[in-house]
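Trainee: Following is a predicted model, sequence given first.
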Amino acid sequence: MASWAEQLQRELAGRGLAVASIPGKGRGLVAARTFFPGEVIISQEPYVSTPNKISVGSSCDHCFASVNLRKCSVCRVAWYCGSACQKEEWKLHQLECRAMAALPEDRKKMLTPTIRLMVRLIIRRKLQHEKAIPSSGIDNYNLVDALESRILFPYISEVDENQLVLYAQMANLVHLILPSLQLDLKEIAHTFSKFACNAHTICDPELRPLGTGLYPVISIINHSCVPNAVLIFDGRTAYVRALQPIGKDEEVSISYIETAAVTKKRQNDLKQYFFTCTCPRCAKDSDEDAILEGYRCKNQSCDGYLLPDSGEKTYTCQKCSISRDDEEMKKMRSEIQMLSDKASSFLSSGSSMYKIIEQIQRKLYHAFSITLLHTRETLLKIYMELQDWRTALMYCRLTIPVYERVYPPFHPMIGLQFYTCGKLEWLLECTDDALKSLTRAADILRITHGTKSQFMDELFGRLEEARAEVSYRLSSRDGHDGSIS
């Protein structure tokens, strides 16, 4: 019988993929044929998954839908959107349900998503071992077992001692939930450390977090700050799609983190994965970081950005060479931070304060500044909540040029922002603008999200409605012009 590694390679070969050893990275996923933009490279159901908000029933345990939810009448923990999902989950949930139903209420409150993910992992492994549920080359516990763990990295000294103690405490809690099973607590603690490096946040089509899942094959894919593929979820099914042509023998890469950030921030965010990114973007010089940090020229009529002078406490504009004193900039940053701390405590009612913050930031930061971008994103959210569509549209339009600079051309964030822009323009009866924005959104999101989801059906429906309205107006105007002549 073939080993699990051979079975995996065989199944991946049928999909035009292979697992290969990548210098300096360990394992990686490599294309065995050419993939084109928008093409699904690989899709996978989670080995185990759980919603983020267990107690409040935010989504179905099986499909992650958020409508018609009903709580399991026995354990009072699991939620399902209907009998079909409950039946699909039953073999796994039956053992979990019995274990959770036996817990006293105070213990049920300790059922965090991570604890529940581990409980489900242990039960699924048991069921597959007993052949009560099927396994395959891309769906078996050996793939989980082979995942890298932060505890086994050569930088073990970097793992917080408190974190190791927490893993041990979590393992003990799992043992209390599943007392009838013979469990190796050390192995469970070790597996918890694998979650930190390998679990994926399951998001809805608009990239809002819904839950957590373990996708062992997709976890083989390495990170890049300039990825050639993107990971998007439909329900809890994960899809990796090509963002650009990927040639034979080329490594497939996705981004593990938010890439709209300077190199230092990105590298810091990647510390949890225990590697240093050496992608082309991280290896570049500091010019891009200078733009994204975004200090602007003191001359308000100049659109240049500032570069730090080596060995001096000044910054000089790369365009007109005017210098700006570091002390002046520190004072403005301090004022902005003080206002931000106050504003963050009351979001919707803090619109006027965030407007003041933005006004100060515009004097200090370049138009492509990430700091200014985040303030404008907050203002967009505030004005959407206030249903002030016109002001929301203004801020939405201001964010798009920055998105187009910091993300690859076909990135879901750009597509989603154009979609928001189009919906706002449609509400404000700016039909021609709405058509342009929705068209841009569809061109990008058909690559990242595919064309067959409910989310994309809604987008295509809005786009057709806008096209029909513009076409009707044009034909009405032409008819009117003809009758006058």
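Mentor: Received it, and whenever you're ready, just let me know what you need. Numbers count the residues shown, from 1 in each chain.

Trainee: what separates whichever strand or helix holds residue 168 from the chain centre, distance-wise?
Mentor: Residue 168 belongs to helix 161-177 when elements are defined using DSSP states H and E. Relative to its chain's centre, helix 161-177 lies at 27 Å (CA atoms, centre = their mean, to the nearest Å).

Trainee: swap in stretch 327-338?
Mentor: Taking mean C-alpha positions (CA atoms, centre = their mean), stretch 327-338 and its chain are 31 Å apart.

Trainee: Using PDB, list the CA coordinates for that stretch.
Mentor: Taking Å, rounded to 0.1, in the frame of the first residue of the first chain, the C-alpha atoms of stretch 327-338 are listed here in PDB:
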ATOM      1  CA  GLU A 327      10.700  67.400  16.200                       C
ATOM      2  CA  GLU A 328       7.800  69.100  14.300                       C
ATOM      3  CA  MET A 329       6.700  65.700  12.900                       C
ATOM      4  CA  LYS A 330       6.900  64.100  16.400                       C
ATOM      5  CA  LYS A 331       4.600  66.800  17.800                       C
ATOM      6  CA  MET A 332       2.000  66.200  15.100                       C
ATOM      7  CA  ARG A 333       2.200  62.500  15.500                       C
ATOM      8  CA  SER A 334       1.700  62.900  19.200                       C
ATOM      9  CA  GLU A 335      -1.400  65.100  18.700                       C
ATOM     10  CA  ILE A 336      -2.800  62.600  16.200                       C
ATOM     11  CA  GLN A 337      -2.300  59.700  18.700                       C
ATOM     12  CA  MET A 338      -4.000  61.500  21.500                       C
END
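
Trainee: Identify each buried residue in it, please.
Mentor: By neighbour count, with 16 or more other CB atoms under 10 Å as the criterion, the buried positions of stretch 327-338 are 329, 332, 333, 336. (C-beta placed from N, C-alpha, C; glycine too.)

Trainee: Also stretch 168-176?
Mentor: By 16+ other CB under 10 Å, the buried positions in stretch 168-176 come out as 170, 171, 173, 174, 175.

Trainee: Kindly report the same for stretch 264-272.
Mentor: Buried residues in stretch 264-272 (16+ other CB under 10 Å): 265, 266, 267, 270.

Trainee: Closest to residue 86 out of these?
Mentor: residue 270 (39.0 Å; CB to CB).

Trainee: follow-up on the earlier one: show me what the helix holding residue 168 packs onto, helices and strands only.
Mentor: helix 113-129, helix 185-198 (3 or more CB pairs under 8 Å, 6 or more residues apart in numbering; DSSP states H and E).

Trainee: Take these and lay them out in CSV including mean pLDDT.
Mentor: Shown next, in CSV, are the helices and strands packed on helix 161-177 (pLDDT from 0 to 100):
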stretch, mean pLDDT
helix 113-129, 95
helix 185-198, 88
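
Trainee: Residue 6: how many residues sit nearby?
Mentor: The number of residues packed near residue 6 is 11, by other CB atoms under 10 Å.

Trainee: Is it within a helix or a strand, and which one?
Mentor: helix 4-13.

Trainee: can you map out the helices along the stretch 151-300 of the chain?
Mentor: 161-177, 185-198, 263-269, 280-283, 287-293 (DSSP state H, counting those that start in this stretch).

Trainee: closest to residue 13 out of these?
Mentor: Using CB to CB, the nearest of the helices of the stretch 151-300 of the chain to residue 13 is helix 185-198, at 23.1 Å.

Trainee: Show the pLDDT at the most centrally placed residue in the chain.
Mentor: Compute the mean C-alpha point of the chain, and by CA atoms, centre = their mean the closest residue is residue 207, 5.7 Å away. In this model, residue 207 is scored at 96, pLDDT.

Trainee: ok, back up a step: from the buried residues of stretch 264-272, which two are the most distant?
Mentor: Put simply, by CB to CB the two of the buried residues of stretch 264-272 set farthest apart are 265 and 270, 9.8 Å from each other.

Trainee: for the helices of the stretch 151-300 of the chain, which one sits closest to residue 317?
Mentor: helix 287-293 (10.6 Å).

Trainee: Just the CA trace of that closest one, in PDB.
Mentor: In PDB, the C-alpha atoms belonging to helix 287-293 read as follows (Å, rounded to 0.1, in the frame of the first residue of the first chain):
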ATOM      1  CA  ASP A 287      11.500  54.000  -1.400                       C
ATOM      2  CA  GLU A 288       8.200  52.100  -1.300                       C
ATOM      3  CA  ASP A 289       8.200  52.100   2.500                       C
ATOM      4  CA  ALA A 290       8.900  55.900   2.400                       C
ATOM      5  CA  ILE A 291       5.700  56.300   0.300                       C
ATOM      6  CA  LEU A 292       3.600  54.000   2.500                       C
ATOM      7  CA  GLU A 293       4.800  55.600   5.700                       C
END
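
Trainee: Please work out the average pLDDT along that helix.
Mentor: According to the model, helix 287-293 has a mean pLDDT of 77.

Trainee: Please report how far the residue nearest to the centre of the chain lies from residue 172.
Mentor: 35 Å (CB to CB, to the nearest Å).

Trainee: cool, residue 398 as well?
Mentor: 51 Å.

Trainee: Give me the neighbour count for residue 386.
Mentor: Neighbours of residue 386 using other CB under 10 Å come to 13.

Trainee: quick one: it and residue 379 touch, right?
Mentor: No - in this structure, residue 386 is not within contact of residue 379 by CB atoms under 8 Å, at 10.4 Å.

Trainee: quick one: residue 222 and residue 255 touch, right?
Mentor: No - between residue 222 and residue 255 there is no contact under CB under 8 Å: 10.3 Å.

Trainee: Just give the closest residue to residue 373, not the sequence neighbours.
Mentor: Nearest non-adjacent residue to residue 373, counting by CB to CB, 6 or more residues apart in numbering: residue 402, 4.7 Å away.

Trainee: and that neighbour, what does it touch?
Mentor: By CB atoms under 8 Å, 6 or more residues apart in numbering, the residues touching residue 402 are 260, 367, 368, 369, 370, 373.

Trainee: Report how many residues lie close to the fourth one.
Mentor: Other residues lying near residue 369 total 22 when counted by other CB under 10 Å.

Trainee: for the first one, same thing?
Mentor: Counted with other CB under 10 Å, the neighbours of residue 260 add up to 19.

Trainee: Provide a list of residues in contact with residue 186.
Mentor: Contacts of residue 186 (CB under 8 Å, 6+ apart): residue 171.

Trainee: Could you report the pLDDT at residue 26?
Mentor: 87.

Trainee: Show me what it is bridged to.
Mentor: residue 22 (DSSP bridges).

Trainee: three-state assignment of residue 306?
Mentor: Classification of residue 306 using DSSP: H, G, I helix; E, B strand; the rest coil returns strand.

Trainee: in the stretch 301-450 of the chain, which spans are strands?
Mentor: For the stretch 301-450 of the chain, the strands defined by DSSP state E, counting those that start in this stretch occupy 306-308, 314-317, 323-325.

Trainee: how about low-confidence regions in the stretch 51-200 of the chain?
Mentor: 55-57, 149-160 (pLDDT under 70).
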